[in-house]
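Novice: model this:
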Amino acid sequence: MELVLLGSAGWIPTGTRETCCALVRQGSEALVIDAGTGLRRLLTDHTLLEGVQHVTIVLSHFHLDHTAGLTYVPALPRDIRVEVVGPGAVAYGRPSLEILGDLLRSPLFPVPVERAFAAVRDLDTSPLAVAGLELTWRVQERHTDPTIGYRFGDDLTYCTDTAFDPATIEFARGSRVLLHEAVYAGEHSPRPDHASSGEAATIARDAGVERLVLMHRSLAPATDAELLEAALAVFPATEVATDGFVVRT
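Specialist: Residues are numbered from 1 along each chain as shown. Next up, the predicted model:
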């Protein structure tokens with residue numbers, strides 16, 4: 001399995017980091033996790049979707065830094081079928097189509113949701129079969145709005161926009177790679193809705209993963225070096241992601 005981070009930032013994109021978006025290719029199918037501003041790379045680097053006929057976008061939640069890239073989808077080649085899978089029903093009690101319809105309609109956006117995508121559906125059973133992959137998922141309650149954590153078999157676990165959550169330890173147990181958010185450096189996060197790099201490292205250590213990759217890096221308050229220093233003290237096999245970071249398992 002190969003995952004490419006098209007966007008590794010949270011909230012605010014910078015000159016070097018777009019907001020959250022990741023790509024997994026499986027032959028003529030592609031899976032995109034989150035649709036932050038990093039999704040624009042599918043348009044600026046045509047090799048990423050070369051030969052792809054079907055793209056499935058799975059969302060962790062609906063905050064704008066994870067959905068802004070959905071407005072870029074109409075610019076993709078028309079022969080690529082794009083489907084969106086969202087957590088509306090399981091996390092918010094509303095269909096994802098209805099939630100995205102609030103975002104993708106005039107006067108906010110000129111292409112309505114029904115025209116922007118081939119289909120919009122909700123997460124239902126776990127595991128979820130998509131793009132030749134099997135994803136298990138769980139609702140993460142420790143954010144301003146609930147989010148979804150995803151796991152790809154024993155290869156990779158993806159958890160963003162969540163504070164430290166002991167339940168993630170069991171969810172990620174035995175994964176080769178844990179991709180986990182880290183907004184703050186240090187042992188403990190000062191806020192109840194985001195994690196520190198030290199907390200992400202604690203989860204990685206206790207879950208017995210092989211590698212930790214820190215993502216959802218914010219513009220402030222911590223530098224890459226500060227995030228990494230706090231994590232390495234707990235879990236030595238830690239890296240800080242940048243855009244273009246490739247995870248191979």
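
Novice: ok, which stretches of the chain are strands?
Specialist: Taking DSSP state E as the criterion, the chain carries its strands at 2-7, 21-26, 29-33, 54-58, 81-86, 119-122, 128-130, 133-140, 147-152, 156-159, 177-181, 211-215, 238-240, 246-248.

Novice: and the contacts of the fifth one?
Specialist: I take that to be strand 81-86. 35, 53-59, 62, 70, 73, 76, 96, 99-100, 116-123, 128, 130 (CB atoms under 8 Å, 6 or more residues apart in numbering). (Glycine included, C-beta is placed from N, CA and C.)

Novice: relative to Arg142, how far out is the residue nearest to Ile99 when sequence neighbours are not counted?
Specialist: Counting by CB to CB, 6 or more residues apart in numbering, Gly88 is the residue found nearest to Ile99 once chain neighbours are left out, at 4.8 Å. Gly88 sits 19 Å away from Arg142, taking CB to CB, to the nearest Å as the criterion.

Novice: residue farthest from the centroid of the chain?
Specialist: For the chain, the largest distance from the centre (CA atoms, centre = their mean) belongs to Pro107, which lies 27.5 Å off.

Novice: check contacts around the spatially closest residue to Thr160 that is not a sequence neighbour.
Specialist: Leaving out its chain neighbours, the residue that sits closest to Thr160 by CB to CB, 6+ apart is Glu181, at 4.3 Å. Contact analysis of Glu181 by CB under 8 Å, 6+ apart lists 10, 159-162, 194-195, 200, 214-216.

Novice: swap the cut-off to 10 Å and go again
Specialist: 10, 20, 60, 143, 147, 158-163, 189, 194-197, 199-200, 214-218 (CB atoms under 10 Å, 6 or more residues apart in numbering).

Novice: quick one: contacts for the closest residue to Leu135 other than its chain neighbours?
Specialist: Among residues not flanking Leu135 along the chain, Leu128 sits closest, at 4.6 Å (CB to CB, 6+ apart). Taking CB under 10 Å, 6+ apart as the criterion, Leu128 is in contact with 56, 58, 85, 134-137, 150.

Novice: relative to Gly208, which of those is nearest.
Specialist: Thr136 (17.0 Å; CB to CB).

Novice: tell me the bridge partners for the closest one.
Specialist: Beta-bridge pairing for Thr136 (DSSP bridges): Arg151.

Novice: run a quick neighbour tally on it.
Specialist: If you count neighbours by other CB atoms under 10 Å, Thr136 ends up with 15.

Novice: quick check, it in contact with Phe171.
Specialist: Yes. Between Thr136 and Phe171 a contact is recorded at 8.0 Å, counting by CB atoms under 10 Å.

Novice: partner strands of the helix or strand of the chain with the lowest mean pLDDT and their direction?
Specialist: Lowest by mean pLDDT, DSSP states H and E among the helices and strands of the chain is strand 128-130, with a mean of 89. Strand 128-130 pairs in its sheet with strand 133-140 (antiparallel), by DSSP bridges.
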